[in-house]
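Student: Sharing a model prediction with you, sequence too.
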Amino acid sequence: MSAETNEVSSRALLSSDASNRSALERSHLDLETAEKPYLDSNELIINMGPQHPATHGVLRVILKLDGERVLGTECVIGYLHRGVEKIAENRTYTMFNPYVDRMDYCAAVSNGLGYCEAVEKLLNVVAPPRAQYIRVILTELNRIASHQLWLGTHALDIGAMTPLFYTFRDREEILKIFEKYCGARLTTHAFRIGGCQYETYAGFEKDVNNFLTFFAPKIDEYETLLTTNRIWLERTKNVGVISGADAIALGVTGPVLRASGVKWDLRKAQPYAAYSEFDFEIPVGTNGDTYDRYLVRMEEMRQSMRIIEQAVSRIPEGAIMGKVPKVIKPPVGEIYHSIEAPKGELGYFIVSDGSTQPYRLRVRPPSFVNLQALDVMVRGLLVADVVAVIGTIDIVLGEVDR
Amino acid sequence: MVPITTLHYLVVAAALFVLGAIGVLTRRNVVIVLMSIELILNAVNLNLVAFSRMWGNLHGQIFAIFIVVDAAAEAAAGLGILIAFFRNKETVNIDEIDLLKW
Amino acid sequence: MAEEVKTPDPTPPLPDGEKKALVEKPTAEKPTASGEPAKPAAKPAAPAKPAGPVPLPWTSPMVEKYRSQYGSGLDPLTYLGQNYLAVDRSLIPDILRLLREEEQFDYCVDITAAHYPKREKQFDVIWILYSFPRNERVRVKTQIADGASIASSVSIWPTANWLEREVYDMFGIQFDGHPDLKRILLPDGWKGHPLRKDYGILQQDKEWVQINLGIESGQ
Amino acid sequence: MPNFIMSYLGSTVTPGEAGSQFWALIYVLIIFAGVSVAVICMNWIERKALAHFQIRLGPMRVGPHGLLQPFADALKLMLKEDIIPAEADQFVFWVAPLIGLLAAFTVYTVIPFGPSQAVSDMNIGILFMLGVSSLGVLGIVVSGWASNSHYPLIGALRSSAQMVSYEVAMGLAVVSAVLMTSLNASGTGTLSMIGIVQAQQQQGVWFIFKFFPLGFLAFVIFAIAMVAETNRAPFDMAEAESELTAGYHTEYSGLRWSLFMLAEYAAMIAVSSIAVTLWLGGWMRPFPNLLHAPAWDFIFSLFPGLTFGGLAAIAMIGAARMPAHSFFRIQRIGLAVFAALLAFSALLLLVIAIAGRSADTSVAARFREGIDYVYWFVLKVAVFMYLFIWYRATWPRYRFDQLMRIGWKVMLPISLGVLLLTAIVGVILP
Amino acid sequence: MNPALNSALSINSGMAPVATPWFFYALAGMAVLSGVFVITRRNAVHAALALIITLLSVAGLYLMLYAPFVAGVQIIVYAGGIMVLFLFVIMLVNIERSSKERAFNRMWPVGLAAAGALMVLFASAIVKGSHINDMFRDRLMPLPESTNTQQIASLLYGEAGRMGQYTFAFEIASLLLLVAILGAVIMTKKKI
């Protein structure tokens, strides 16, 4: 099937646009040299997935190989397509809220935050400060949980089994906090339009602080296992390199973009919730390779801890629910609101026709757009690197396919 | 039971040699032709070692070792040629290898 | 949503929620700038009135330049502090290219569409753009009729590849010049485009399901 | 008959050497059973150790502390449907696991568990071992091909290239050890496994410490190459589960799959045995020359019994610490019985050690010696087996090109250099 | 070999007890039978597996001839090295297509006839010579198996200060191997 068409497509990609050519051009060059592969008739077309241990769900990648070298890829997605956007058009704004948790189920809180804020914006409502702080705390906890899951599975893809269990052990602590807060561990449905449903339980701050003191040494533990491990370095350095310009051209966001040296984080660039009140850094990489993305995510966990620490210490008293009408009927209009989800820019584009249901709700999923960069990143690498790069992009198929 | 003499080994070696010769002369697949050559070399080796045993010295065995070395070199070069050939003509059939240059 | 743009008076939307009143005037994109200059309805937190904010004209040096260049084909507006350009279909390739190359909107956040079945030009196609140097977002949207096609922007932003494929998959909008326009989330042989309003939520391609999955129904 | 047995126990040569086909057969059977049991133990230990590396418990349900888990697994694998893919090459698919298994087990004919505790002492022992263990790759290659599927084929190609590459460095490391055997008065070395250990005894040093760091380097090269040879992490490219689903045995299931596993573990034990024989003094106890007084012999001969005693104590503690709940009653009894068995073995070993402590020619002394030899050999091999588990828990997987680069550009030059230096030092020094 | 020799050999050889005629016939039969498979199997992988069996049987015959070193070399180089290389190449060049084609070339009767002639030649030579007892009878000269490797080494490399009989040839052989390696690399490389 279509490694052929895929080549054509990427060549068409290149045909225009002078300014962001570099990486695409590089892949173009690769193609030129690979034009007459070693054993012409013996190119392997390999079907990786949808049932494959390293595709993080039901991603299917069709690899065109020369020996073990990747000549081209084509992603076949949609195996988990549930029509979230169609469902949104047939549910009220409130009823749709739990559905967003099912997209990126590893970062359900972030999804909920983006959705609630988008609707609030459309309603012209602002959540009260206390709710904003709770949102920040939970979202950042969720960011850590998501990165932990990423780290475990990514390391497992590269062959290091043990970090998976370490990260899952520590992720458990976060999930326990979620469970105590809202009763659910994974698909939390923690936020409501206009604020939060639940006041924090007694001892919430203490739990969060306990987690922070518990988790700080654990990050170092992960790093001792991997950061200076020679095999890890060899497997990740200069693998899946994508330059900043290419990343921007391909719409890549999140840690993948930042690892390529673009210092851009929506929490800083266009602050939402209460993020403008906290002091934190945006970790940036230089090479845009898998190792940099690893380092960026590790540092992001630390920065998230900083944010949580500040938020917990300064959490204001007050209401947790803004003035929201009983029946949510936003005025006619449209809104695009995006947040920095663990995987990148998560945007909601909502068109309201003034009724209780969204007329059109579009989710801009970070994983979906980031996954598009896979082809550019893996060309000319080996099969083993494809696995590493899929892991480093950090996709969640629930979000890719929606 | 008849004791095993050098003659027995010679018969086995002759049989292997003839089998190898048949393979070389009749098969189309170059890989199998190369394998038949290995068969021939083995037949020769068996003869050499049998004679070495017969004469009670080790020169035959030394020859056998040299032939093994030669077989390794031959396999490496032969298979290299085969791959180079396959890359250009996409065939491993010996009767299609009929051009001196392509 | 170019409709609201055109309705000059900010009447509250009709309460019969289903398909709203936006079909009234599907006249071409004559940019009647809304005549309500009083309130800078940007995003203040007290719109308690049921009417809600309305799109206002968006003025900036950039849009002035393009206004003078393209005239009536372009309608810069702002709503809740978010700027967008309602653009005539014929101008789309030029405007997008200019935004990318001259105005540094180097990041195509999203491409999507919305379906208004009662309108003559049934589809809105929306580009959400972001500029890293300016830290600014802008939306570009245009209306096209069912069956009409629109120029692909893959050559401007490579990321448009999958996004346009998804729009094609969900709405059936053709993009001219797209290198590989085929379905992305739904299977290749599927019939129908699910995000159109005339596609029911329980609807499915029965035939496809029966042939490919061997079951009566996917529900 | 008892006389026959007793007379044999007094023998100082291997059954092969003595020309006793009966005893050779008995040895083969004992080794086959022993290796199978070792593989079962290894299976359990790997699962438990790996689990504890990874902060989990591992098997806990089947038997006390999952002790019966390997048997349950074996039973399950035997009962599972044996699937042969329709497009596979039936015969080759069928025969491939057997090739690997045969190669792995044939190696044991020359492994010396003691000076007379081997099936045979071949003149070309080490050459035979290397050759036969290199046949194991045929099973992998052929199985990958016969599955007629892409992932197994890639796994097979990887594995064949990998094994051929690492065999070179491995062979050179072995040669440098063999070279050390020739550092005696007559100047002739030996390829015989038993001869190599005896050479270490004569020279009074394990070859790992000989010409430090040359022997050590050769040992390290061998230790790396043997991990690559057996397709274990971090060189488990041929079955890299995150890349090739399961590599060469993707299409295998049930009993045939378990044969692959059996072959893999048997091969691990085999190569560890080579390393022990060549560099770690084989069956010799620590300091056989330095501490050679009979008293020391006696003290060291207590070790097997004490080890079993320790294991029994651990099992006993485990039984005592079981939660006092009726659910655990059977498990507790089982563990206690297991502890009792271990304690009985410990007692037996200690009795033998004490009974055979003085009389050098008695059957008891022979017994004691044999047990000592086997114990020290197995202990050294066990260290390697633990290392295999440790590697697996700690390291990510190498990529294929990196593996080849290390094999050809790092290991091969180093092993060549070590070989040359060993030769030079061997000529100059004595 | 005669029983006297057998017992004499058992002193210094581990091979003696198993080197019975039955072993010879079994090994020889296996070698010839799988040799037949090598040249008749359509599938190259089957042929390669058959060839491996032949090689191992021949290695067994070497052991019976008190040439353990050659047997070891046979196993390690042939079965472990060359045959893996063969299998590798068979998998690299797609054999599936050729397995559907004719296995034998068009001139196979001629080839068969030539091979038949060769067989007649061998047969006549063996039959003609087999009556010369002291020529084709076992000379009953036991080779010292236990020092086989050392003796081969001294022939190849020489002993203390004296160059061996075959040292020069050995070096030339190493050169041959080097040339073969270089040739194989150059021929198979993508870009030179």
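Tutor: Yep, that arrived. These figures come from a predicted structure and were not determined experimentally. Residues are numbered from 1 along each chain as shown, chains lettered A, B, ... in the order given.
Student: buried stuff in the host helix or strand of residue E:181?
Tutor: Residue E:181 belongs to helix E:167-188 when assigned by DSSP states H and E. Neighbour-count burial for helix E:167-188 flags E:170, E:173, E:176, E:180, E:184, E:187, E:188 (criterion: 16 or more other C-beta atoms under 10 Å in any protein chain shown). Where you see a C-beta, it was placed from the backbone N, CA and C, and this is true even at glycine.
Student: hey, which helix or strand in the chain has the poorest pLDDT?
Tutor: Answering for chain A, as no chain was given. The helix or strand of chain A with the lowest confidence, counting by mean pLDDT, DSSP states H and E, is helix A:3-14 at a mean of 38.
Student: And the lengthiest helix in chain C, what does it pack against?
Tutor: In chain C, assigned by DSSP state H, the helix with the most residues is helix C:160-171. Secondary-structure packing of helix C:160-171 (3 or more C-beta pairs under 8 Å, 6 or more residues apart in numbering or on different chains; DSSP states H and E): helix A:366-371, strand C:107-115, strand C:174-176.
Student: Please name every helix or strand in contact with the first one.
Tutor: If you count contacts as 3+ C-beta pairs under 8 Å, 6+ apart, helix A:366-371 packs onto strand A:344-352, helix A:383-393, helix A:397-401, helix C:160-171.
Student: Who are the packing partners of the first one?
Tutor: Judged by 3+ C-beta pairs under 8 Å, 6+ apart, strand A:344-352 is in contact with helix A:108-123, helix A:255-259, strand A:333-341, strand A:358-364, helix A:366-371, strand C:107-115, strand C:123-131.
Student: These: which one's closest to residue D:53?
Tutor: Closest approach to residue D:53 among the helices and strands packed on strand A:344-352 is made by helix A:255-259 (28.4 Å; C-beta to C-beta).
Student: quick one: is that closest one near chain C?
Tutor: No. Applying C-beta under 8 Å from any C-beta of the partner chain, one finds helix A:255-259 separated from chain C by no less than 9.3 Å.
Student: related to what we said a few turns ago, list the buried ones in the longest helix of chain C?
Tutor: Residues C:160, C:161, C:162, C:163, C:164, C:165, C:166, C:167, C:168, C:169, C:170, C:171 are the ones in helix C:160-171 that count as buried (16+ other C-beta under 10 Å).
Student: Over to stretch C:179-197?
Tutor: For stretch C:179-197, the neighbour count (16+ other C-beta under 10 Å) marks C:179-181, C:183-186, C:190, C:193-197 as buried.
Student: same thing with stretch D:404-412?
Tutor: D:404, D:406, D:407, D:411, D:412.
Student: what's the neighbour count on the closest residue to the last one other than its chain neighbours?
Tutor: Here the nearest residue to residue D:412 in space, its sequence neighbours aside, is residue D:169; by C-beta to C-beta, 6 or more residues apart in numbering or on different chains that works out to 5.1 Å. Counted by other C-beta atoms under 10 Å in any protein chain shown, the residues lying close to residue D:169 total 25.
Student: Isn't residue D:169 up against residue D:406?
Tutor: No. With contact defined as C-beta atoms under 8 Å, residue D:169 does not count as touching residue D:406 (9.3 Å).
Student: avg pLDDT for stretch A:292-299?
Tutor: With pLDDT averaged residue by residue, stretch A:292-299 scores 90.
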